[in-house]
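**Q** Got a sequence here, can you model it:
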Amino acid sequence: MKSWGHNVKTRPDADQQAIVERLEAAGFSVEKIGRPLDLLIGKDNVTLLAEVKGRPGPRGGASKKGQKLRPGQAEFIETWRGSRPVVLTIDDCVETALRALGERG
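**A** Numbers count the residues shown, from 1 in each chain. The predicted model follows:
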C-alpha cells in the first residue's frame, strides 16, 4: 500500500479555516486531516474527502499560491477507489460539497 505522506507536516491553505467554518455552519462534520487531502467532511451519512485550494487568479488562471494539485494529490485522486474527492474553494465550498452529497446520497 502506498504511503500518502501522513507523517509529513503541511501548512494549511489560507482559506481552510474559513471553509471549515462555512461547512460547519451548513451542518457538515469537518475533520482536518492534512494528508493525503485536507479535509474529511460528512453530512447525511455520507463522507467525502476534500482538498482546499485558493481562489483562482484575476484572469481565471491559477494564482501564485496555485490551485494546482501537488503531484501526490493528483495521483491519490486518480487512484482512489472510494468516492471521488472534491476540491473546494472559499467561493463555492458549501455548494460543491452539497452537490457532491447529492451525487452520492
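
**Q** Could you tell me which residues within the longest helix seen in the chain count as buried?
**A** Counting residues, the longest helix found in the chain (DSSP state H) is helix 93-104. Neighbour-count burial for helix 93-104, counted by 16 or more other Cβ atoms under 10 Å, picks out 93-94, 96-98, 100-101. C-beta coordinates here come from the backbone N, C-alpha and C atoms, glycine included.

**Q** Could you dump those residues into CSV and include pLDDT and distance to residue 32?
**A** Shown next, in CSV, are those (pLDDT from 0 to 100; distance: Cβ to Cβ, whole Å):
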residue, pLDDT, distance to residue 32
93, 91, 14
94, 92, 17
96, 92, 18
97, 91, 15
98, 91, 20
100, 88, 18
101, 84, 19
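
**Q** Tell me which stretches of the chain form helices.
**A** Along the chain, the segments classed as helices by DSSP H run 16-25, 71-79, 93-104.

**Q** Only C-alpha atoms, please: export the first one in PDB.
**A** Coordinates of each C-alpha in helix 16-25 appear next as PDB, following Å, rounded to 0.1, in the frame of the first residue of the first chain:
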ATOM      1  CA  GLN A  16      -9.000  26.400   5.000                       C
ATOM      2  CA  GLN A  17     -10.300  27.700   8.400                       C
ATOM      3  CA  ALA A  18     -13.000  29.900   6.700                       C
ATOM      4  CA  ILE A  19     -14.100  26.900   4.600                       C
ATOM      5  CA  VAL A  20     -14.300  24.700   7.700                       C
ATOM      6  CA  GLU A  21     -16.400  27.300   9.400                       C
ATOM      7  CA  ARG A  22     -18.800  27.700   6.400                       C
ATOM      8  CA  LEU A  23     -19.200  23.900   6.100                       C
ATOM      9  CA  GLU A  24     -19.800  23.500   9.800                       C
ATOM     10  CA  ALA A  25     -22.400  26.300   9.700                       C
END
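
**Q** ok, residues contacting it?
**A** Helix 16-25 is contacted by residues 30, 32, 38-39, 41, 52, 88-90, 93-94, 97 when judged by Cβ atoms under 8 Å, 6 or more residues apart in numbering.
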